[in-house]
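Asks: show me how the following folds:
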Amino acid sequence: MVKGPKKGGRVRDKWRDKKWILVNAPSAFGGGPLNYAPITDDVRARGRVIENTMYDILKEDPNQHQTKVFVQINNINQDTATTIFKGHEYAKEFLRSLIRRGSSMINFVKDYTTLDGYTFRVTVIAFSQRRLNSSKKHDIRMVADKVLAIKIPKLTVDQFVLEATKGKMSTDLLDDAKKIASLRHIGIKKTKLISTPESRAIGEAKTIDLESEIVEEVTGSPQ
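Replies: A predicted model of the protein is given here:
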């Protein structure tokens, strides 16, 4: 039989143990105040991902509610947190509004690395005016890959973030893709940060240490 809580015991209010910190936007968006967030302690809060919309960050155009942006806390100093851009995606309501009968949807996903060493998984989505055959869909994917493979390695991470979320990259895709077929929409549906220069350096260091251990195990301890 499951026993209930003891009568007369004091219930600890977890909210009293939390503190509120100011969360700033990533540097690509100016680094200004974005949210207030409750945390238990600074160490556990690092790595926490917070969801916003583009309108929450920029407050420029109501249509920016159609894009969700994810930021990750990377440092906390005196109750103020800095963040990095973790990724973005179309809101589900916006994505549903793009779907039409009698048209084709084309998806394309690939990883690209910026000029300063940040690797993102980029998802492109396109909707045609009318149904397309497999050959046309393939050509659109190839064009998307060509445009992004040329463009992204020339951009810093901040430039990439702005072009991917504010539509500049989508415009570049449309300029080339419309030569293949008539499209109603093409854009960067989603981005996701896969690795940073720091995380890659840590991974390489761990690999070197592991290889050293393997060599010592095979050859014996160094004399």
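Asks: wait, isn't residue 69 in contact with residue 58?
Replies: No: counting by CB atoms under 8 Å, residue 69 does not reach residue 58; the two are 9.5 Å apart. Backbone N, C-alpha and C define where each C-beta goes, glycine included.
Asks: in terms of neighbours, single out the busier of those two.
Replies: Comparing residue 69 with residue 58 by neighbour count (other CB atoms under 10 Å), the higher total belongs to residue 69, at 26 against 16.
Asks: ok, which stretches of this structure are strands?
Replies: Listed in chain order, the strands of the chain (DSSP state E) span 19-24, 33-39, 49-53, 67-77, 80-90, 105-113, 119-128, 183-195.
Asks: nearest to residue 139, out of those strands?
Replies: Set against residue 139 and scored by CB to CB, the strands of the chain come closest in strand 105-113, at 9.8 Å.
Asks: report the angle between the closest one and strand 183-195.
Replies: Orientation of strand 105-113 against strand 183-195 (axes from the mean of the first three to the mean of the last three CA atoms, to 10 degrees) gives an angle of 30 degrees.
Asks: and strand 105-113, what does it pack onto?
Replies: strand 119-128, helix 134-151 (3 or more CB pairs under 8 Å, 6 or more residues apart in numbering; DSSP states H and E).
Asks: quick one: it to helix 134-151, angle?
Replies: Angle of strand 105-113 versus helix 134-151, following the same axes, to 10 degrees, is 30 degrees.
Asks: who touches residue 36 in this structure?
Replies: Residues near residue 36 by CB atoms under 8 Å, 6 or more residues apart in numbering: 20, 21, 22, 23.
Asks: sorry, wrong one. I was asking about residue 192.
Replies: 86, 87, 120, 121.
Asks: select from these the one having the most neighbours.
Replies: Highest count within those by other CB under 10 Å belongs to residue 120, 25 neighbours.
Asks: what about the residue nearest to that one when sequence neighbours are not counted, neighbour count?
Replies: Nearest residue to residue 120 in three dimensions, chain neighbours excluded: residue 191, at 5.0 Å (CB to CB, 6 or more residues apart in numbering). Residues lying near residue 191 (other CB under 10 Å) number 23.
Asks: residue 191 contacts residue 88, doesn't it?
Replies: Yes: assessed by CB under 8 Å, residue 191 is found in contact with residue 88 at 5.5 Å.
Asks: got any residues that touch both of the two?
Replies: Common neighbours of residue 191 and residue 88 (CB under 8 Å, 6+ apart) are 164, 165.
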